[in-house]
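Here is a sequence together with a model predicted from it:
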Amino acid sequence: MDKPDRQSYAFRNCDKPTISPVIGVVKGEIPKWLNGTLTRNGPGIQTIGPDTYRHMFDGLAIIHRFHIAAGNVTYNNRPLESNTYHKNMATERIVVGGFGTVGIGDPCDTLFSKFKSMFISSDKQKEMTIIDNCNVNVAYYGDQLYAMTETDFVRRIDPTTLNTIGDKVTLSDYVVVNQASAHPHILEDGTVLNSGVNYKHKNGVHYIIIQVPPSYDSSETSFKNAKIIAKIPSRWKFYPGYHHSFGITKNKIIFIEQPYCISLPRLIISGFMRKAFQDALTWYPKEKTRIHVISMETGEIHPIVYETEKLFTFHHANAYEEDGHIVVDVSAYNSADFVNKDIDLNTVNNRATAYEGAGVRRYVLPLVVSSEKKCENLVELAQTKATAILRKGTSNIVDLQPEILCDEWFELPRINYKYNGINYRYLYGASSSDNTRSDAAMPITDILTKLDTLTGEQKTWTQKAIWISEPVFVPNPTIENPDEDDGVVIANILHADDQSRTTLLVLDAKTMKEVATVEFKTDGPVTTTFHGQWAQTGKKVHVY
């Protein structure tokens, strides 16, 4: 069948969750070593009474669980019972809005109070701010599983039943932060690093890096021992750059400050004019994107300023140090305009130029710069076309030009997480059969792609009339000295012809050939997800 319109995927509404696990029908053979749980998160309740969320980022969170044990697989899902969920469901209206949706209630209870909460006490903030719809990602902090979004709220969930546990956790009770990303990094010992924004710093807005040590068998939240390990001043005092993720090497933090900015003055006005949060965001194409390098040990900012043009990114792919350079790989766009214009309910099917130039880019940052090498390429690594040139008239500003690793839309990048922060070769992501090099609508993710960053070779898996999630790499623990791509890639599939049907796909990570599929018939529609995490049975530390 032909592809349906994008609304049928991106704005699919779950009006009946699958609370009790259903058993899937396995085709092929699940590897014997593949035992554990894939938990995924995304916006799933799009319609409440007569109201519909307007932006792809806004729907109420649905948590999804695929559990594998001895070749058998079950699936269940459940709404995240946030304060936002309860208030909207109680009124049967969208009273509390989101990124691109204005609630029908008093705007002073939503956006304006959210802005004011950046500058008032945490206790008062709890009373005023209720946007805790954590619909972006999940992460284990020790043995505690949390759902996350891009505010300073997280919600703990039960890994088995998916019940919401207790009240929301307010990060600003433990560190000075007003917004946090939903893309933390998890170190080998379980320590979690995450990025955020502090609007209250005495010297103006700062981006921050938060460190959370793991906790196990504790009745208290893992965030109790959180601390700030780095602070990065925003170069625009009242217009901090939006960020969705950050990168790390073994010793450095990589933070991209892009000119897709939150206008704090406009955010104040939005509260009175019934505007959504997205209306306070603007892309400034004449401003350069800056890449900050920070010591993970000391929190010191590297003195060299790295800048480039036409770079907007949601997702870092990986970063690593090599021979006096830092290599930074990202899924990138030339502009952020599409976030405001092209992925809402009314425009998601429209053709747009926003995806032209989208792909995977590699930036190479020389850590030492000689003033004697003006107008010369400072990149000395072999096998890269990326350049770095000292800006004329300066001693510490370097202009970067990327190497294009993939010149087609490639999103939701994942790697073998054992290689996070070190030299790696293989990148897995979602792609599309749509022609994203030309004037195209939002891509439908119907391809999984394995990209060899060394040779540029791509291996793919695809199927018609589907929407596929981000790929998650699971390493094979039975191989003594495994290759980087020894393992499987797992993802879940939505089907155009039946919304109450979903499939778990298992691919050989070397070949991208199908190993097994598991099909489920569910109690109600299965909705899209953004991100998720695999937890291998028997392991104490769960990474990405």
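The structure has been received and is ready for your questions. Small disclaimer: the values here were computed from a predicted structure and weren't measured. Residues are numbered from 1 along each chain as shown.

quick one: contacts of stretch 376-390?
The contact list for stretch 376-390 (C-beta atoms under 8 Å, 6 or more residues apart in numbering) reads 306, 322-325, 327, 362-366, 369-371, 373-375, 397-404, 454. Bear in mind the C-beta positions are built from the backbone N, C-alpha and C, glycine included.

among those, which ones are buried?
By neighbour count, with 16 or more other C-beta atoms under 10 Å, those hold 306, 325, 327, 362-366, 369, 397-403 as buried.

Under the pLDDT cut-off, which ranges of the stretch 301-450 of the chain? List them.
Residue ranges of the stretch 301-450 of the chain with pLDDT under 70: 352-354, 435-440.

If we use 80, what do you get?
For the stretch 301-450 of the chain, applying pLDDT under 80 flags the ranges 342, 348-354, 356, 371-374, 435-441.

the strands in it, which residues?
Using DSSP state E, counting those that start in this stretch, the strands of the stretch 301-450 of the chain run over 305-308, 312-322, 325-333, 359-366, 387-390, 397-401, 403-406, 411-414, 426-431, 447-452.

my guess is Leu427 contacts Ser331, does it?
No: here Leu427 does not reach Ser331: they are 9.2 Å apart, not a contact under C-beta atoms under 8 Å.

shared neighbours, those two?
Ala317, Val360, Pro413.

So the first one is in contact with Pro413, correct?
Yes: between Ala317 and Pro413 there is a contact at 4.0 Å, judged by C-beta under 8 Å.

Among those two, which residue is more densely surrounded?
Ala317 (27 against 24; other C-beta atoms under 10 Å).

what sits against the more buried one?
Asp329, Val330, Ser331, Val360, Pro413, Ile415, Leu427, Gly429.

residues contacting the fourth one?
Listed by C-beta under 8 Å, 6+ apart, the contact partners of Val360 are 317, 329-332, 404-406, 410, 413, 427, 429, 451, 453.

For beta bridges, what are the partners of it?
Beta-bridge partners for Val360, by DSSP bridges, are Ser331, Cys406.

Following the chain onward from the least confident helix or strand in the chain by mean pLDDT, which element is next?
The helix or strand of the chain with the poorest confidence is helix 122-128; it has a mean of 46 (mean pLDDT, DSSP states H and E). On the C-terminal side of helix 122-128, the nearest following helix or strand under DSSP states H and E is strand 137-141.

so what strands line up beside the helix or strand following that following strand?
Using DSSP H and E, the next helix or strand after strand 137-141 towards the C-terminus is strand 144-148. In the sheet, strand 144-148 lines up against strand 137-141 (antiparallel), strand 153-157 (antiparallel) (DSSP bridges).

in the chain, which residue is closest to the centre?
Nearest to the geometric centre of the chain sits His183, at 5.2 Å (C-alpha atoms, centre = their mean).

and that one, what does it touch?
Asn137, Asn194, Ser195, His244, Ser245, Phe246, His315, His316, His531 are the contacts of His183 under C-beta under 8 Å, 6+ apart.

Can you verify it is assigned to a helix?
No: counting by DSSP: H, G, I helix; E, B strand; the rest coil, His183 is not part of a helix but coil.

so the closest residue to Lys513 other than its chain neighbours bridges to which residues?
Nearest residue to Lys513 in three dimensions, chain neighbours excluded: Leu507, at 6.6 Å (C-beta to C-beta, 6 or more residues apart in numbering). Beta bridges link Leu507 to Val489, Glu514 when assigned by DSSP bridges.

residues contacting Leu507?
Leu507 touches Leu448, Trp461, Pro471, Val488, Val489, Ile490, Ala491, Lys513, Glu514, Val515, counting by C-beta under 8 Å, 6+ apart.

Kindly provide the distance from the residue of the chain most remote from its centre to Phe473.
The centre of the chain is farthest from one residue, Glu372, which by C-alpha atoms, centre = their mean lies 40.4 Å away. In this structure, Glu372 and Phe473 are 43 Å apart, going by C-beta to C-beta, to the nearest Å.

low pLDDT regions in the stretch 151-300 of the chain?
For the stretch 151-300 of the chain (pLDDT under 80), the answer is 200, 267-274.

still on that earlier bit, just send the shared contacts of Leu427 and Ser331 back as JSON lines, with distance to Asp5 too.
Formatted as JSON lines, the shared contacts of Leu427 and Ser331 follow (distance: C-beta to C-beta, whole Å):
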{"residue": "Ala317", "distance to Asp5": "30"}
{"residue": "Val360", "distance to Asp5": "28"}
{"residue": "Pro413", "distance to Asp5": "26"}
